[in-house]
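Engineer: structure for this input, please:
(one chain, ligands or ions: 1)
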Amino acid sequence: MAEDLQIAQGSKEDQYQTLLPQIKGLLEGEPDLIANLANICGALKEQFGWLWVGFYLVKKDELVLGPFQGPVACTRIKKGRGVCGTSWAGAKTLIVPDVEKFPGHIACSSLSRSEIVIPLIENNTVWGVLDVDSSELDEFDLTDQKYLEEIVKLLQYAQ
Ligand code: SME
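Structural biologist: Numbers count the residues shown, from 1 in each chain. Model (predicted):
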């Protein structure tokens with residue numbers, strides 16, 4: 001596919017509808033996990049302009065920072081810690097409308113106000129998370145959850 005992303009205007013739903021096939025195109029035929037994680041971050045950041053979009057990958061008993069777009073971030077998160085570690089422990093997507101109200105939230109950037117974390121699951125095992133931070137309160141909803149979960153399903157852990 002062309003290297004340029006076609007940026008959509010309109011509702012969030014419209015934006016995801018335009019973005020999803022482009023992300024599929026970017027991943028098609030590319031087996032390298034890091035390349036695919038990196039392009040997903042780039043595509044989401046370019047379309048939505050969020051503060052931070054990135055992946056943490058499970059390595060032994062921690063999440064370790066992977067490809068991302070945005071300000072520098074903390075590199076290691078323990079299971080059950082912060083939003084990412086809680087999503088990992090529960091194998092569930094978490095939407096946090098106000099990060100200051102989430103007990104144990106790990107503030108990588110003082111600009112972050114709301115957050116969504118989607119676990120990457122294969123064979124009932126979480127192997128990483130997609131973390132998205134916004135500088136706006138209450139940025140993420142069920143539309144984000146639906147499409148971001150669909151996007152991470154395109155990834156395959158086995159390399
Ligand atoms: N806020 C996250 C930590 C990662 S940064 O936001 C990039 C958390 O509480 O797990």
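
Engineer: count of residues packed around the closest residue to L137 other than its chain neighbours?
Structural biologist: In space, not counting the residues next to it along the chain, L137 is nearest to R113; the distance is 4.7 Å by Cβ to Cβ, 6 or more residues apart in numbering. C-beta coordinates here come from the backbone N, C-alpha and C atoms, glycine included. The criterion is other Cβ atoms under 10 Å. On that basis, R113 has 19 neighbouring residues.

Engineer: same check on the one 10 residues further on?
Structural biologist: Residue crowding around N123 was assessed by other Cβ under 10 Å; the count is 7.

Engineer: ok, G104 next?
Structural biologist: Using other Cβ under 10 Å as the criterion, the residues surrounding G104 number 10.

Engineer: tell me the secondary structure of it, please.
Structural biologist: Applying DSSP: H, G, I helix; E, B strand; the rest coil to G104 yields a three-state assignment of coil.

Engineer: ok, which stretches of the chain are helices?
Structural biologist: Chain-ordered helices for the chain, with DSSP state H as the definition, fall at 12-27, 33-48, 82-90, 142-153.

Engineer: can I get those in TSV including mean pLDDT?
Structural biologist: Supplementary listing: the helices of the chain in TSV, determined by pLDDT from 0 to 100:
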stretch	mean pLDDT
helix 12-27	96
helix 33-48	97
helix 82-90	98
helix 142-153	98
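
Engineer: quick one: closest of these to the ligand.
Structural biologist: Distances from the ligand to each of these were compared using Cβ to the nearest ligand atom; the shortest belongs to helix 82-90, at 2.7 Å.

Engineer: CA atoms only for that closest one, dumped as CSV, please.
Structural biologist: Only the C-alpha atoms of helix 82-90 are listed here, as CSV (Å, rounded to 0.1, in the frame of the first residue of the first chain):
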residue,chain,number,x,y,z
GLY,A,82,-1.0,1.2,37.3
VAL,A,83,-3.6,1.0,34.6
CYS,A,84,-1.4,-1.1,32.4
GLY,A,85,-0.5,-3.7,35.0
THR,A,86,-4.2,-3.9,36.1
SER,A,87,-5.3,-4.5,32.6
TRP,A,88,-2.6,-7.2,32.3
ALA,A,89,-3.6,-8.9,35.6
GLY,A,90,-7.3,-8.9,34.7
